[in-house]
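Trainee: what follows is a predicted protein model with its sequence.
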Amino acid sequence: MEGKGSTLVHLLVIVLSLTAFGFSIAAERRRSTGTNHTDTTTNATYCVYHSDVATGYGVGAFLFLLSSESLLMGVTKCMCFGIPLTPGGNRAWTIIYFLASWISFVVAEACIVAGAKNNAYHTKYMYGHFSCETLRKGIFIAGAVFVIATMVLNVYYYMYFTKATSQPARKASRSSSSIGMGGYA
C-alpha cells in the first residue's frame, strides 16, 4: 500500500465533498422566489417571499466542504509541517495539486457564501419593495462545480502526497559522482 494513502481519508474526503455538492444543488433548486401582492385596504404593493431554505443548504454546503478540506489539511499537516517531501516528480505534483485544490476550494466557498448571503438578503430585507428581486440562477451551481473540482484535486493531492512522503530519498553513490578530486594512486 506504499504511496496510496489511507482509504478512510480518501473515503471521508469524497463523502464530505459529495455531501457539500448535494447541498449546493439543493440550495440552487430551493432559491427563494417572491411574488407581488397588493394590500386591498391600503392599495400598497409589497413582495412576499417563500421560505429561506436555500440559505440553510448553502451554509450546510459551506460547512461540509470546509470539513473535507480541514480533514485533509490536518492529515497532511498542510504539506508544510511534518515529514518532508522526497524530491522528484511526486513532490512537484503534490505542490501543483495542493495549490490548485486551494484555489478551487476558495472559489467554491466564495460562490456558496455569496449565494447564501444574497439569498438571505432577498428573503429577509426586501419586504415593502415594488420589485421582487431574487438570487440570480447559477451561483450555487458554480459552487457545486468547484466543489467537485476541489474533491478531485484533493484526492490527487493526497495520493501524490503519500507517494512523496513514503518513498525514501535517493542518495548519489560515490561511483556515479561526476566530480573527481583525486588523482590516480
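Mentor: Looks like it arrived, so ask away.
Trainee: for this protein, what spans make up the helices?
Mentor: Using DSSP state H, the helices of the chain run over 7-29, 53-75, 89-124, 139-166.
Trainee: any idea how far the residue positioned nearest the centre of the chain lies from residue 22?
Mentor: Note on the chain: the residue nearest the mean C-alpha position is residue 105, at 3.2 Å, using Cα atoms, centre = their mean. Residue 105 sits 17 Å away from residue 22, taking Cβ to Cβ, to the nearest Å as the criterion. To be clear about C-beta, it is placed using only N, CA and C from the backbone, and glycine gets the same treatment.
Trainee: could you list the low-pLDDT ranges of the chain?
Mentor: 1-4, 33-35, 37, 46, 48-51, 122-136, 169-185 (pLDDT under 70).
Trainee: hmm, back to that, now the residue nearest to the centre of the chain: closest residue in space, sequence neighbours ignored.
Mentor: residue 150 (4.7 Å; Cβ to Cβ, 6 or more residues apart in numbering).
Trainee: so the one you found sits against residue 61, correct?
Mentor: No: if you go by Cβ atoms under 8 Å, residue 150 and residue 61 don't touch, sitting 11.6 Å apart.
Trainee: contacts only, for the residue nearest to residue 105.
Mentor: If a contact means Cβ atoms under 8 Å, 6 or more residues apart in numbering, then residue 150 has 17, 65, 68, 69, 101, 104, 105, 108 as its contacts.
Trainee: the residue lying closest to the fifth one once chain neighbours are set aside: how many residues sit nearby?
Mentor: So the one you mean is residue 101. Leaving out its chain neighbours, the residue that sits closest to residue 101 by Cβ to Cβ, 6+ apart is residue 153, at 3.7 Å. By other Cβ atoms under 10 Å, the residues close to residue 153 number 21.
Trainee: quick check: the gap between residue 153 and residue 69.
Mentor: 11 Å.
Trainee: just residue 163 next, same as before
Mentor: For residue 163 relative to residue 69 (Cβ to Cβ), the value is 21 Å.
Trainee: quick one, which of the two is more surrounded?
Mentor: residue 69 (24 against 21).
Trainee: surely the more buried one and residue 105 touch.
Mentor: Yes: using Cβ under 8 Å, residue 69 is in contact with residue 105, at 5.3 Å.
Trainee: enumerate every residue touching the spatially closest residue to residue 143 that is not a sequence neighbour.
Mentor: Nearest residue to residue 143, sequence neighbours excluded (Cβ to Cβ, 6+ apart): residue 111, at 3.4 Å. If you count contacts by Cβ under 8 Å, 6+ apart, residue 111 has them with 139, 140, 142, 143, 146.
Trainee: one more time with 10 Å, if that's ok
Mentor: With contact taken as Cβ atoms under 10 Å, 6 or more residues apart in numbering, residue 111 is in contact with 24, 58, 61-62, 138-147.
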